[in-house]
Structure formats: C-alpha cells, structure tokens
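Novice: turn this into a model:
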Amino acid sequence: MRTYRYFISCKSRVSILELTNRSNADCDVENLLQNRADTLPTILRVHELDGIEFMLCAPWDSAMYPLAYIKGVHLLFWPTWLDFWRGDRTALIEEFGSEENVRAYYGSLDVADWVERWKENLRRAAECQPQYLVLHVAHNRTSEMYTRAFAATDEEVIRATIELVNEIACEIPEGCKLLFENLWWPGLTICQPHLAAMLLEEVDYPAVGFMLDTGHLMNTNFDLRSEADGAAYVTKIYRNLGAVGKYVYGLHLHQSRSGSYVREMMRCHAGACDPLDWQAAMDYVMRVDRHEPFRTEAARRILDAVQPDYLVHEFLQRSRTDWEQKIRTQKRALGVL
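Specialist: Residues are numbered from 1 along each chain as shown. You can find the predicted model right below:
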C-alpha cells in the first residue's frame, strides 16, 4: 500500500491503494501480458503498484490474474440500454435496424435474460473477492454521438439505473463497495450533486459511492486547453459536490482534452440522426476519450483535492512498452518517481 502525504484539510496522511486497469480480453492477454503469467507481477513490482482493477471479458484465469492482485472489478457495460429497459421497440429498431441486431447486442429480446447477464457478471466478479465494483451510469444512442443532441436526460438514466441496480444488488458480494462511475453521456456526469445524491439515497445497497473518472469529467468541458485547466475544472466540480464528495472512494486518473474535435464533429454532423456502425462509434469514442497520462503537477492537485482510497492509473495501451511508459509518466507527474 502506497502512502502519500497531503498538506490540506484536516488530513496529514492518507493511505491509498495504487492500481492500474486490466482486462482478460484476448487483446490484453496477448499484447500487454504477452501470454505470460509472470508479466503482471513483474509490472506491478517494478512500478510499485498494489494491484489491478479488473474487467472480466472471458472466464477468469487465476494463473494469469492471481487473486491477490485483484482489488476491484469493473463490471460490463452496454452503452445503449435505456430503450431496451423501457421496452421501446420503435427506438430499438431505429438504432439497431432489426430485431436480430437487438438480440445480438443484448443476448436476448427479453429484458429478464439481460438482467440475468448482469447477475452472472456479478457472480463472476464475486469469485475475484474484490474490495469494490465499478458500474458505468450512462446511456447513449450511436445516432446521438456526433451531435450530442441526446434524447434522454441525466435524471431519466439515473432513475433507470437505480431500478436496474435494485434488481441485481442481491448478487453483490457482501462487504464489497459499489462505485458509480461518471461519463459524459446522459446519466452520472457528476456535475449535478443532487443527481449523484439520488444514487446514494435510492439504491438498495448499503455500501455505495463513486469512482470519479477524471478524463470522463474533462470530456464534459470543451474549453480545456491545458492540464492545468483540466485539474482546475475537476477540482472545482469535486468541491461543488459538497457532502456528496466524501463518497468518492476511487479515482480513475487520466486526462482527455478533445473539445476542439468534439466541436468540429458537432459542426460537421449538425442535424444528422443516422446510427453509426460499431467501428465508426468506437473510432469516435477513442478520439474523444483519450485516456492519456498526466504529465505535469496538475495530476497531484487532483489527487490532493480528492484523497481517494483507490487510485487507478487508467490508460489505453498499444503494447506493454506503451503501458509501462504511461504508468511512469503519470507517476512522475504525481511526484513519486
């Protein structure tokens, strides 16, 4: 466990679990771990990390991802789901084109089957004995990506999320925190404290809180020109949470400054309402949500303000070399190298 010293508020020292994100998708196992069981322990040791926040995309291989290293589990996510939850067949056909495509995306045309997939994901997560789980609170139709002319409101998505979580909470491992993560789509942007508080108050599970994703929050502001701007914005929004802020237990630390690109896409696609194919949607998301490391002391200002229990260095990586370089870069920005 890493110990950082702070000289703000009433805390003189806070202990943090310092982690990195990892999944067991084939691309991660092959490109990042190089199909070797000794890669992960080596990287954690060399970079003085306490473990990983793990996403289960396939059956868990405990030899490749030992139990001792798994501190949190990031649950699966369907970016487009509100229309399915509501049973809005017209909206689903407009988005997916056919019932066959709807079935392929959700695994069924029956919402009850989809809910069971959530429960199964929780049961698999429980096998990893995590201290916390992460759940995205967001909804987006691909037809709205470029224009950001969203049909759903933040409150509608949050209320639907509360309904969903209350159906699946019975499978959450006892004593495990459930942390809601912010995005820039309708749902939890964490920019409205009363909506964040709604999740705390109405979810029927006792150990809930938030995983504040700094890059996702930066994606809600098109005017950020520097890391300093980003840190000032993140810390301002965090402080605006008031009492709700004490429930921010985790931090996904990375930066994303893509406002000029988002504005250009909004201008080029004004009035467009056609759904995107999977590749076009992914290309857009990757250019918006960049998951780059912080390179300046701006990172430390965010960490000092939030003082989380869990610090996750969360990046997109092309290779093991790229992954390790980004960890080093951000740790240097935090002043720990």
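Novice: which residue is the nearest non-sequential neighbour of residue 231?
Specialist: Leaving out its chain neighbours, the residue that sits closest to residue 231 by CB to CB, 6 or more residues apart in numbering is residue 298, at 3.7 Å. (Each C-beta comes from the backbone N, C-alpha and C, glycine too.)
Novice: shaky segments in the chain?
Specialist: Judged against pLDDT under 70, the low-scoring parts of the chain cover residues 1-14, 337.
Novice: closest to the centroid, which residue in it?
Specialist: Using CA atoms, centre = their mean, the residue of the chain that lies closest to the mean C-alpha position is residue 181, 5.2 Å off.
Novice: so that one makes contact with residue 132?
Specialist: No: at 11.0 Å, residue 181 does not count as touching residue 132 under the criterion of CB atoms under 8 Å.
Novice: give the buried residues for the longest helix seen in the chain.
Specialist: In the chain, ranked by residue count with DSSP state H as the criterion, the top helix is helix 111-127. Buried residues in helix 111-127, defined by neighbour count with 16 or more other CB atoms under 10 Å: 111, 114, 118, 121, 122, 124, 125, 126.
Novice: ranges for the strands of the stretch 151-300 of the chain?
Specialist: With DSSP state E, counting those that start in this stretch as the definition, the stretch 151-300 of the chain shows strands at residue ranges 177-181, 208-213, 248-253.
Novice: so which of those is nearest residue 239?
Specialist: Relative to residue 239, the nearest member of those by CB to CB is strand 248-253, separated by 11.1 Å.
Novice: show me what the closest one is packed up against.
Specialist: On a contact count with 3 or more CB pairs under 8 Å, 6 or more residues apart in numbering; DSSP states H and E, strand 248-253 meets strand 132-136, strand 177-181, strand 208-213, helix 214-218, helix 298-306, strand 310-313.
Novice: and with 6 Å instead?
Specialist: If contacts are counted by 3 or more CB pairs under 6 Å, 6 or more residues apart in numbering; DSSP states H and E, strand 248-253 sits against strand 208-213, strand 310-313.
Novice: mind checking which of those strands is nearest residue 52?
Specialist: Across the helices and strands packed on strand 248-253, residue 52 has its closest neighbour in strand 310-313 (8.6 Å, CB to CB).
Novice: check what contacts that closest one and list those residues.
Specialist: Applying CB atoms under 6 Å, 6 or more residues apart in numbering, the contact partners of strand 310-313 are 16-21, 53, 250-253, 327, 330.
Novice: likewise for stretch 234-253?
Specialist: Applying CB under 6 Å, 6+ apart, the set of residues contacting stretch 234-253 from outside is 179, 191, 193, 196-197, 209-214, 217, 302, 305-306, 308-314.
Novice: return the set of buried residues in that stretch.
Specialist: Neighbour counts using 16+ other CB under 10 Å place 234-235, 237-238, 241, 244-245, 247-253 of stretch 234-253 among the buried residues.
Novice: pull the most distant pair out of those.
Specialist: The widest separation within the buried residues of stretch 234-253, taken as CB to CB, falls between 244 and 253 and amounts to 19.8 Å.
Novice: so which of the buried residues of helix 111-127 comes closest to residue 43?
Specialist: When the buried residues of helix 111-127 are ranked by distance to residue 43 (CB to CB), residue 125 comes first, at 22.4 Å.
Novice: in space, what's closest to that closest one - neighbours in sequence excluded?
Specialist: By the measure of CB to CB, 6+ apart, the closest residue to residue 125 outside its immediate chain neighbours is residue 73, 4.1 Å from it.
Novice: specify the local secondary structure of that neighbour.
Specialist: strand (DSSP: H, G, I helix; E, B strand; the rest coil).
Novice: so what's the backbone phi/psi at residue 19?
Specialist: phi -130, psi 170 (degrees, to the nearest 10).
Novice: distance of it relative to residue 310?
Specialist: Distance of residue 19 to residue 310, computed by CB to CB, to the nearest Å: 6 Å.
Novice: got it, and residue 231?
Specialist: The gap separating residue 231 from residue 310 is 19 Å, by CB to CB.
Novice: what is the nearest of the buried residues of helix 111-127 to residue 159?
Specialist: Residue 159 has its nearest neighbour among those in residue 111, at 16.0 Å by CB to CB.
Novice: how close does the closest one sit to residue 164?
Specialist: Residue 111 sits at a distance of 10 Å from residue 164 (criterion: CB to CB).
Novice: and residue 140, by the same measure?
Specialist: From residue 140 over to residue 164 the distance is 16 Å, taken as CB to CB.
Novice: for residue 50, same thing?
Specialist: 31 Å.
Novice: what is the burial count for the closest residue to the residue nearest to the centre of the chain other than its chain neighbours?
Specialist: Of all residues beyond its chain neighbours, the one nearest residue 181 is residue 211 (4.4 Å), with distances taken as CB to CB, 6+ apart. Number of residues near residue 211 (other CB atoms under 10 Å) recorded here: 29.
Novice: surely residue 211 touches residue 178?
Specialist: No: taking CB atoms under 6 Å as the definition, residue 211 is not a contact partner of residue 178, at 9.8 Å.
Novice: many thanks, have a good one.
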